[in-house]
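Chemist: sequence? don't have it. structure:
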């Protein structure tokens, strides 16, 4: 939070005169925003950029000039503070092809295996790799992802890494395992020889778009079909080489949020077991942000906005303010855990934050650069996005206990805001302020006083205002209200009773609300478990009598639950109340960071996140499981446990 100066503009008097005169023009209307720290959303992992194609060119700069550029990207105080970097594993085109001209020629990314029968060439791609390795040294706790735009040319149907003749899938049918071996071998070499570990490897880039055709200006590969197959092959290859689960698979980097949502819904359970992260670009179908989040969250998968830019921009709004709106929507509505720009140094003005002159080895920041800094210098990795009930605002709690409020105003008139901070137990007495303004600057402003847990400010036209308030505490976790619903034998009406009596042979459906969003974990008699919201039990008998408990975890990580007592009239198997006597408690660290209670000496069942029973044990012994997240059921109790 370095260097916040003081320049306070008094506006309350003018606003009071307008109110007394009965005038409520848009320029002087006051917008109230409630900030609720009890509604905590994603823990934000950081900001970032892909390295292709700019790093393929900038990696050839002198060490001194390259260092200055990296400082502008990675320094958290004077630069953008980016900590996430996506390294492009090139396919490498067929000799004689000379059409990969995008990115000032940087789009021609060398591959590490230029021929099918030949050896790997570990001298390939020296410049992009030089940038990656220097970032690994300079950045605190960086996250690296490897991604592919195309398999090597000799694995493709067309013999060309820019796509097929008609935009269809371009990997040869019998080369799925070869492609997986290639990607995993590069990841292994980076780790063992160059000391850089990729947390994820992404085998696709905009695979369903249909626009990757041969002789194009950049690498690309249609992969609309068989994504699950590719994920499984890559996961197995990573596992075989000892990289998984430290390095897992990410997918699918679709250009459309809807395509990402739909493809994720089609993945097999085996593919999901290797999938550590859901990636999407936010170029289009923004109305699907919430649906994609709900689907990823329900599957307990990390969700990244892994690439974006002004592909679908319309109107005359300035690009910096337009992109700021994309950031706010991606973090507010999609709850993205990371926000990654396409490339920081694209040749096109609207697509870049830095204008790079590769011949002179110099760079110049533009308006987008300063706009990004208004977000990335203040919402740092580990910050928690919290609720603010206005779509032009973003609120976050930093790891050091500060509240960050960001306000975007792309209109032609100033807007007055009143922030209600009453939900905080404690809050500081003033806010430090910086403001982004056109044509491109980020400047310190005077502090704003906080009185009665309220902050009033004016968002000037065509600006982004960032406010930092120290000493923010409070916000009790607020679980969603669970409404029980059930019906017998598919009758029309749903009941809200939680004690259910049935006859032998009846069927039962239970579908509590909320009906969308959150994660559900069910437990019940005879080792029953499910991660669906709605469950269906058919041809019931007395052995299925008992307590069925649903635990719902909402987007804030807060748990609510409902328990149904189900009794089947079956004289051969009469219902007996289970023994709920507790014994010694063993404390384990749960997935959400809280201590979970697993009773020692009592049998448990351990499931994967898809509900498959892995092992029944006399007591939970975490040392018998590889690192990962598991569902542990003990009697009527269930918890998610992370084994490290």
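Modeler: Nice, thanks for sending it over. Bear in mind the structure is a predicted one, so any value in this text is a computation, not a measurement.
Chemist: Now do the end-to-end distance for stretch 341-353.
Modeler: Using C-alpha to C-alpha, to the nearest Å, one end of stretch 341-353 lies 9 Å from the other.
Chemist: what distance separates stretch 362-382 from the centre of its chain?
Modeler: In this view, stretch 362-382 has its centroid 20 Å away from the chain centroid, taken as C-alpha atoms, centre = their mean, to the nearest Å.
Chemist: Quick check: mean pLDDT of it?
Modeler: For stretch 362-382, mean pLDDT is 98.
Chemist: Report the buried residues of it.
Modeler: For stretch 362-382, the neighbour count (16 or more other C-beta atoms under 10 Å) marks 363, 365-381 as buried. (Each C-beta comes from the backbone N, C-alpha and C, glycine too.)
Chemist: In helices only, show me those.
Modeler: The helices, defined by DSSP state H, take in 367, 368, 369, 370, 371, 372, 373, 374, 375, 376 from the buried residues of stretch 362-382.
Chemist: quick check, nearest of these to residue 416?
Modeler: residue 374 (19.7 Å; C-beta to C-beta).
Chemist: how close does the closest one sit to residue 81?
Modeler: In this structure, residue 374 and residue 81 are 12 Å apart, going by C-beta to C-beta, to the nearest Å.
Chemist: swap in residue 460?
Modeler: 24 Å.
Chemist: Enumerate every residue touching the residue nearest to residue 617 when sequence neighbours are not counted.
Modeler: Spatial nearest neighbour of residue 617, excluding adjacent residues (C-beta to C-beta, 6 or more residues apart in numbering): residue 604 at 5.5 Å. Contacts for residue 604 were tallied using C-beta atoms under 8 Å, 6 or more residues apart in numbering; they are 598, 616, 617, 619, 620, 632, 633, 634.
Chemist: isn't the third one right up against residue 625?
Modeler: No: using C-beta atoms under 8 Å, residue 617 is not in contact with residue 625; the gap is 10.1 Å.
Chemist: Check the contact lists of the two and give me the overlap.
Modeler: Joint contacts of residue 617 and residue 625 (C-beta under 8 Å, 6+ apart) are residue 606.
Chemist: What lies in contact with stretch 309-320?
Modeler: Applying C-beta under 8 Å, 6+ apart, the contact partners of stretch 309-320 are 255, 283-284, 322-323, 341-342, 346, 349-351, 367-368, 370-371, 410, 436, 438, 440, 462.
Chemist: brain fart, stretch 188-196
Modeler: So stretch 188-196 is contacted by 87, 112, 120, 122, 129, 132-133, 136, 144, 146, 197-198, 241, 243, 247 (C-beta under 8 Å, 6+ apart).
Chemist: Tell me how far the residue lying closest to residue 480 once chain neighbours are set aside lies from residue 517.
Modeler: Distances taken as C-beta to C-beta, 6+ apart place residue 554 nearest to residue 480, at 4.7 Å, with adjacent residues excluded. In this view, residue 554 and residue 517 are 7 Å apart by C-beta to C-beta.
Chemist: one step back: now intersect the contacts of stretch 188-196 with the strands, please.
Modeler: Using DSSP state E, the members of these that fall within strands are 87, 144, 146.
Chemist: Could you rank these by neighbour count and give me the top one?
Modeler: Most neighbours among the ones in strands among the contacts of stretch 188-196, by other C-beta atoms under 10 Å: residue 87, with 26 neighbours.
Chemist: residue contacts, that residue?
Modeler: Applying C-beta under 8 Å, 6+ apart to residue 87 gives the contacts 51, 128, 129, 132, 144, 145, 146, 147, 190, 198.
Chemist: pretty sure the second one is touching residue 51, no?
Modeler: Yes: with contacts counted by C-beta under 8 Å, residue 128 reaches residue 51, the gap being 5.3 Å.
Chemist: Which neighbours do the two have in common?
Modeler: Between them, residue 128 and residue 51 share these contacting residues under C-beta under 8 Å, 6+ apart: 87, 88.
Chemist: how many neighbours does residue 278 have?
Modeler: Neighbours of residue 278 (other C-beta under 10 Å): 28.
Chemist: how close does it get to residue 41?
Modeler: 16 Å.
Chemist: Same check on residue 155?
Modeler: Residue 155 is 40 Å from residue 41, by C-beta to C-beta.
Chemist: Over to residue 445?
Modeler: Using C-beta to C-beta, we find residue 445 at a distance of 28 Å from residue 41.
Chemist: now do residue 624
Modeler: For residue 624, the distance to residue 41 - C-beta to C-beta - is 34 Å.
Chemist: From the neighbour counts alone, determine which of those two ranks first.
Modeler: Shown here are residue 624 and residue 41; by other C-beta under 10 Å, residue 41 has more neighbours (20 against 11).
Chemist: What strand or helix carries the residue lying closest to the more buried one once chain neighbours are set aside?
Modeler: Leaving out its chain neighbours, the residue that sits closest to residue 41 by C-beta to C-beta, 6+ apart is residue 385, at 4.5 Å. Residue 385 belongs to strand 384-388 when elements are defined using DSSP states H and E.
Chemist: for that strand, packing partners?
Modeler: The helices and strands touching strand 384-388, judged by 3 or more C-beta pairs under 8 Å, 6 or more residues apart in numbering; DSSP states H and E, are strand 30-43, strand 393-397.
Chemist: just to revisit the earlier point, let me know the closest of the ones in strands among the contacts of stretch 188-196 to residue 559.
Modeler: Of all the ones in strands among the contacts of stretch 188-196, residue 144 has the smallest distance to residue 559: 33.1 Å, by C-beta to C-beta.
Chemist: mind listing what the residue nearest to that closest one when sequence neighbours are not counted touches?
Modeler: Closest residue to residue 144 apart from its sequence neighbours, by C-beta to C-beta, 6+ apart: residue 198 at 5.1 Å. Taking C-beta under 8 Å, 6+ apart as the criterion, residue 198 is in contact with 87, 144, 145, 146, 187, 190, 191, 247.
Chemist: what's the farthest-apart pair in these?
Modeler: Maximum pairwise distance among the contacts of residue 198 (C-beta to C-beta): 13.6 Å, between 145 and 191.
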